[in-house]
Structures are given as structure tokens and as C-alpha cells.
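>>> sequence and predicted model, in that order:
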Amino acid sequence: MASTDTTGTTADSPGRATADTADRAGGLGGLEAGLDALESSATGRPPFRETFVRKILPPIVAVAVVLVLWQALVSLKIVDDPTKLPTPADVGAEFKDAWLKGELLGYIWTSISRGLLGFLFALAIGTPLGLIVARVKFVRAAIGPILSGLQSLPSVAWVPPAVIWLGLNNSMMYAVILLGAVPSIANGLVSGIDQVPPLFLRAGRTMGATGLRGAWHIVMPAALPGYLAGLKQGWAFSWRSLMAAEIIASSPDLGIGLGALLENGRNASSMSMVFESIVLILFVGIAIDLLIFSPLERAVLRSRGLLVKS
């Protein structure tokens, strides 16, 4: 009897094992299908109403609150001197007047064209400089502290020597932008490279990715988040440097940018023009971040699985 039971159990073992394997395979398949469904639902495009409530409505509410508080300061006579604080309507009238004269877009384009071109020059210089500083120990020891010191130096300090060296022209503007943006871009890349795991570099050398190939295929992609942060900071420095240069070194030959418009408002004691230029400077800075850097940052994070597409 015992022999018969043993034989029956032995005979049933292959079938039972096959059933267990099938059950495990079915369970793993169901788990995989569930994960795929979850990922598909998470990466689907949300409805417009949800996007509006989460991303569009909050800044609209914030702007409305600022306008209400601004108008309240004037209406309640907390600030009753219009030469110190104009009403939102006065600033709006200044915008309307500049638009009707066809000057508003000219103010914006004069500054934004200089800022973007100067930033591209800084990008072309700061990227290889940061790569060399990060990878060559002697250069890092020699130049690294200087780059950190230049990054902390206020960009407005470069305007007087740039005017003396180059005169009142666009070259002076670009020189100030470069001196303000290049250290930030280079230091951002150095910081990103310092955070690359050594395992990536060893794996790249094993596969023959050395020298420029290693820098292009291994180092730069791995350091991309830190590098992108340096680019954002570099743009902020370049934009502030340009505004400082346009305020201090205004000239009819240079045209009227946003910084020159701010200085013209101060000279004319027109607070509505001053506020107009401040709003435009903020608008351009925010627009560049939303249109260029934020999409790049989301794409980099999403490619590394750190951000769910929404």
C-alpha cells in the first residue's frame, strides 16, 4: 500500500510541478500586465480641466491677488503719492501707449536678442571649460577657485571696465554677459560630473569610450541634470548682467532695451514707466524658463524615470 501511494505521488509530481509553474507564470504575467496598465494610465494625457486647475489657475490667482493688494494700497491711501506708487491702471495705460506707438515689442526684442545670443556664446565657452576643469586635476586646482569667485562677484561690477575697454557698443554688452554666465555654466557642469558614479566611467573605459568619446557618450549624459541646473543659473546671471549693463551704459546707438527703459523711467520720474519695465523684465525671465528650461528639465527627469509624464 505504501508502495502504491509512493508511486502515485511520484507519478503526479511532474503534472503538479507543471501546474505550479503555470500558476507562477500566470501570476507574473498578471503582475506585468497590471504594471503596464498602471504605467499607461499614469502617462496618459490628463483632461484639460485638471491641467487648468493644477497649472494654469494658480498663477492667475496669484497675479489677481497681487493686483488687488496693489490697488488696495492706492485706494486706501496707504501710499497716497502717485509718484511713488502708480495704480495698475496707470501702468496698463503705459503698456497701451507703448503698444500703440509700436515700441513695446522693440523693447523686448532688443534685450532678449542680446540676452539669448550672449547666453549661446557663454554656453559655447563654459561647457568645454567646465569639462576641462572637472577632468584635469591641475586645471581644477588652478582655475576652480577663480570660477567660484567670479560666480559670486556681482555682474554689475564688470560694466565700468567693459565700457572702458570696449566702449558703448554691443560688444560691451556681450562681454558683461559672458563674464556673468560662463562661471555658472562651468561650475554647474563640474558639479554634475562630480556626481557621476565611478562605475559608469569604468564601464565606459571597458567598452572603449575614452577621451572625447567617453566625455560625449558617458560623462555628459550622466552629468546632464547638474549641467542643466548650471544652464538655468547661467541664464539668470546672463539676464541680470544684461539688465545691469543696459541700465548703466545707456546710449542712443545701443537702442532701447528693457534696462534702458527702466533708466529712462527713472530719469523722467515716471513710476508707471519704471513699473512697466520691471513687469517686462519679469515676464521675459519667466517666459524663457517656462518655454525652454522647464521642458528640458522635465524631459531629462522623465528619461531617467524620475518624473511621471503628465
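All right, it came through fine. This is a predicted model, so every value here is computed, not measured.
>>> give me the neighbour count for the closest residue to Ala186 other than its chain neighbours.
Counting by C-beta to C-beta, 6 or more residues apart in numbering, Gly130 is the residue found nearest to Ala186 once chain neighbours are left out, at 3.6 Å. (C-beta placed from N, C-alpha, C; glycine too.) Look at Gly130: counted by other C-beta atoms under 10 Å, it has 27 neighbours.
>>> report the buried residues of the helix or strand in which Gly130 is found.
Taking DSSP states H and E as the criterion, Gly130 maps to helix 104-135. Of the residues in helix 104-135, 104, 107-108, 110-112, 114-116, 118-119, 121-123, 126-127, 129-134 count as buried by neighbour count, 16 or more other C-beta atoms under 10 Å.
>>> now do the contacts for Ile281.
Counting by C-beta atoms under 8 Å, 6 or more residues apart in numbering, Ile281 touches Met243, Leu258, Gly259, Leu262.
>>> give the contact list for the closest residue to the second one other than its chain neighbours.
Nearest-residue entry for Leu258: Ser111, 4.4 Å, with adjacent residues in sequence omitted and distances by C-beta to C-beta, 6+ apart. Contacts were defined as C-beta under 8 Å, 6+ apart; by that measure Ser111 touches Leu242, Met243, Glu246, Gly257, Leu258, Gly259, Val284.
>>> go through these and name the one nearest Val53.
Nearest to Val53, judged by C-beta to C-beta, of these is Val284 at 26.9 Å.
>>> let me know the pLDDT of the closest residue to that closest one other than its chain neighbours.
Spatial nearest neighbour of Val284, chain neighbours left out: Ile112 (5.7 Å); criterion: C-beta to C-beta, 6+ apart. What the model reports as pLDDT for Ile112 is 94.
>>> likewise Met1?
With respect to pLDDT, Met1 scores 44.
>>> does Thr59 lie in a helix or a strand, and which?
Rather than Thr, residue 59 is Pro. Secondary structure assigned from DSSP H and E places Pro59 in helix 57-75.
>>> list the buried residues in the helix or strand just after that helix.
On the C-terminal side of helix 57-75, the closest following helix or strand by DSSP H and E is helix 88-100. For helix 88-100, the neighbour count (16+ other C-beta under 10 Å) marks Asp90, Val91, Glu94, Ala98 as buried.
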